[in-house]
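J.: Sequence below, structure please.
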Amino acid sequence: MRVNAARDCQRGDSAEAYVTHFFLREGFDAHGTRRAAPFDHILTFEDGSMHPVLVQTKHQLHPNRGRWRFNFRCGNPRTGSGSRPYPPNAYHISACVALSIGKVLFCAGVKPYLTFTTAQFMREKAELESLHSALETIRLRSCN
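T.: The predicted structure is shown next:
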């Protein structure tokens, strides 16, 4: 089923709002960005424990054959410039929002796509654990 562009944009806004809600609920200092930026959120750490972390959000409304696949591409396929892969250092963390179940999972780094099962989203504390894991991966990379 094709979704019209306005509806898809609204769902993207909804996913970004969910991620903002999650960050603030868990006590993170999160800031939104302008629409044309290659990332949707900036996490800052006033204690100096980390440099600002850039987060890109993607969403899916429903799984397909039991799997949630999130494609990470920038640009707009409906315009003359089309869509393309993100540059390798465009952001630090990928956020994947399953809209119909109201859950998000995080993964460190820029990926062409990520795939999860509903069970992975529904696992107790999966959201926070995946964020902590992604942040720890970024910490380790910045130490090398």
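J.: Which residues in the least confident helix or strand in the chain by mean pLDDT does the neighbour count mark as buried?
T.: Least confident helix or strand, the chain: strand 73-76 with a mean of 79, by mean pLDDT, DSSP states H and E. The neighbour-count check on strand 73-76 (16 or more other Cβ atoms under 10 Å) flags Cys74 as buried. Quick note: C-beta positions are derived from backbone N, CA and C, even for glycine.
J.: Adjacent strands (with direction) for that strand?
T.: Counting by DSSP bridges, the strands paired with strand 73-76 are strand 82-85 (antiparallel).
J.: just how off-centre is the strand it pairs with within its chain?
T.: Put simply, strand 82-85 sits 17 Å off its chain's centre (Cα atoms, centre = their mean, to the nearest Å).
J.: Give me the contacts around the least confident helix or strand of the chain.
T.: 38, 81-86, 90, 112 (Cβ atoms under 8 Å, 6 or more residues apart in numbering).
J.: try 7 Å this time
T.: With Cβ atoms under 7 Å, 6 or more residues apart in numbering as the test, strand 73-76 has contacts from 38, 81-86.
J.: quick check, nearest of these to Ser100?
T.: Distance to Ser100 across the contacts of strand 73-76 (Cβ to Cβ) is lowest for Ser83, with 23.7 Å.
J.: Specify the beta-bridge partners of the closest one.
T.: Gly75.
J.: what's the neighbour count on it?
T.: 13 (other Cβ atoms under 10 Å).
J.: separation between it and Ala17?
T.: From Ser83 across to Ala17, the span is 23 Å (Cβ to Cβ, to the nearest Å).
J.: Can you check the pLDDT for Arg139?
T.: On pLDDT, Arg139 comes in at 88.
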